[in-house]
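Okay, predicted coordinates and the sequence, questions at the end:
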Amino acid sequence: MNNNEVIPLLPEMAVFVVVVEEGGFSKAGKKLGLAPSSISRSVNRLEKGLHTKLLERTTRQVKMSTAGTEVYTQCKSMLESAKLAVKTVQSTQDEAIGVLRVAAPKAFAKQILSPLLLDFMAEYPKITIHFKVSDLYIDLIGEEIDVIFRLTDQPIEGLISKSLTRTQLMMCASPDYIEQFGEPGHPDDLEHHQCIALGEQAGDNEWRLTSANQTTIVKANNRMSVNHTEIRKEAVLRNLGIAIFPDFTVQPELRRGTLVQILPDWHIAGNYSGEVILQYAQSRYIPYQLRLFVDYMSERLSKLSFNKIVPE
């Protein structure tokens, strides 16, 4: 095939890659903002242009033919080269313009990151932000995210990591709950208290605590489990039990005295604690808007200390 025959097929090749990676026409259409019928026509045009069948279609899924597998590999490489060409241009520009796709966990996104993100947008009005908020694992490459914030001591391997600050977990109760039921002096005392667990996965009601010379695992006596910080906090404020929170989510209540930290000399292990890490893909060509964003967030977040509580 000559260039005149290949060039019209380039958009169809890109669509074909998305169909394969999304597992069907409907999901590909949703990702690309096109009707499934339009996606199907694109694949048909590609098959006609290449004179070969690329996909075996059923009512539930699509499956690549032998030829389709080979074509997908080459089309995927073509698409990656096109993305690299765009990044090459973006990395050499000195104007704050373009799109940034950002992802972060829910509580951190709402209480810490979103005000900074809005400040960044106000300062750089030509940069468009696509903000994905989720506590689920996000595949930065597969979901085409430019930069992700994670709260962990185990960053995703293969990505550039920039540590910004630290966060830790705090166990809290209301003063009225403590007055009524007493304050635990040791993790073992928690078996006599009502607890409110995260409830995202099995084992979330097993709380691992470490002091200077011992580690203990307590099976919390759950009055409630809920994977939403604000609901857990409201339950604790209503004197329904003891719960564990990322420190930045309870700072206002600790300052006002409406919540009290329990077992402050014990370190609590769990999700949403550790380094606050900003991660993005390795590349020789870092888009200018991404470099601006990384520098901006590094400067702002490095000044925060979440576990230092100053009473109001």
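In hand now; what should we look at?

Now stretch 167-178: average pLDDT?
Stretch 167-178 shows a mean pLDDT of 96.

Same question for stretch 141-157.
According to the model, stretch 141-157 has a mean pLDDT of 90.

and if you look at stretch 39-48?
For stretch 39-48, mean pLDDT is 88.

any idea how far the residue nearest to the spatial centre of the chain is from Phe248?
A centroid search over the chain (Cα atoms, centre = their mean) returns Ala104, at 3.8 Å, as the residue closest to the centre. Separation of Ala104 from Phe248 (Cβ to Cβ, to the nearest Å): 12 Å. Placement of C-beta: from N, CA and C, glycine included.

same thing with Asn239?
Taking Cβ to Cβ, one finds Asn239 at 23 Å from Phe248.

Neighbour count for these two, which is higher?
Taking other Cβ atoms under 10 Å, Asn239 and Phe248 do not tie; Phe248 has more neighbours (23 against 16).

is it true that the more buried one touches Ala109?
No: using Cβ atoms under 8 Å, Phe248 makes no contact with Ala109, being 11.3 Å away.

So what are the structural domains in this protein, by residue number?
Segmentation of the chain into domains, based on automatic domain parsing, reads 3-91, 93-168+273-301, 169-269.

Centre of the chain to the longest helix along the chain, how far?
Ranked by number of residues, the top helix in the chain under DSSP state H is helix 66-92. Using Cα atoms, centre = their mean, to the nearest Å, the mean C-alpha position of helix 66-92 is found 25 Å from that of the whole chain.

list the helices and strands the helix or strand following that helix packs on?
The helix or strand immediately downstream of helix 66-92 is strand 98-104, counting by DSSP states H and E. Packed against strand 98-104, as judged by 3 or more Cβ pairs under 8 Å, 6 or more residues apart in numbering; DSSP states H and E, are the following elements: strand 127-133, strand 147-152, helix 288-301.

Give the other helices and strands that the last one contacts.
Helices and strands in packing contact with helix 288-301 are listed as helix 66-92, strand 98-104, helix 114-123, strand 127-133, strand 147-152, strand 159-167, strand 274-281; criterion 3+ Cβ pairs under 8 Å, 6+ apart.

so the first one versus strand 98-104, what angle?
For helix 66-92 and strand 98-104, the angle between their directions (axes from the mean of the first three to the mean of the last three Cα atoms, to 10 degrees) works out to 110 degrees.

Can you show me the CA trace of the helix or strand encompassing Lys31 as PDB?
Element membership for Lys31, per DSSP H and E: helix 25-32. Provided in PDB are the C-alpha atoms of helix 25-32 (Å, rounded to 0.1, in the frame of the first residue of the first chain):
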ATOM      1  CA  PHE A  25     -17.500  -1.400  20.600                       C
ATOM      2  CA  SER A  26     -19.800   0.100  23.300                       C
ATOM      3  CA  LYS A  27     -16.900   0.700  25.800                       C
ATOM      4  CA  ALA A  28     -14.700   2.000  23.100                       C
ATOM      5  CA  GLY A  29     -17.500   4.400  22.000                       C
ATOM      6  CA  LYS A  30     -18.000   5.600  25.600                       C
ATOM      7  CA  LYS A  31     -14.200   6.300  25.900                       C
ATOM      8  CA  LEU A  32     -14.000   8.100  22.600                       C
END
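
Pull out the buried residues from that helix.
For helix 25-32, a neighbour-count test (16 or more other Cβ atoms under 10 Å) marks Phe25, Ala28, Gly29, Leu32 as buried.

could I get those residues as TSV with distance to Thr52 and pLDDT?
Below are those laid out as TSV (distance: Cβ to Cβ, whole Å; pLDDT from 0 to 100):
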residue	distance to Thr52	pLDDT
Phe25	19	87
Ala28	20	86
Gly29	23	87
Leu32	23	86
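
What is the most widely separated pair among the residues you listed?
The span of the buried residues of helix 25-32, defined through Cβ to Cβ, is set by Phe25 and Leu32 at 10.3 Å.

Find residues that contact each of these two.
Taking Cβ atoms under 8 Å, 6 or more residues apart in numbering as the criterion, Phe25 and Leu32 both touch Ile39.
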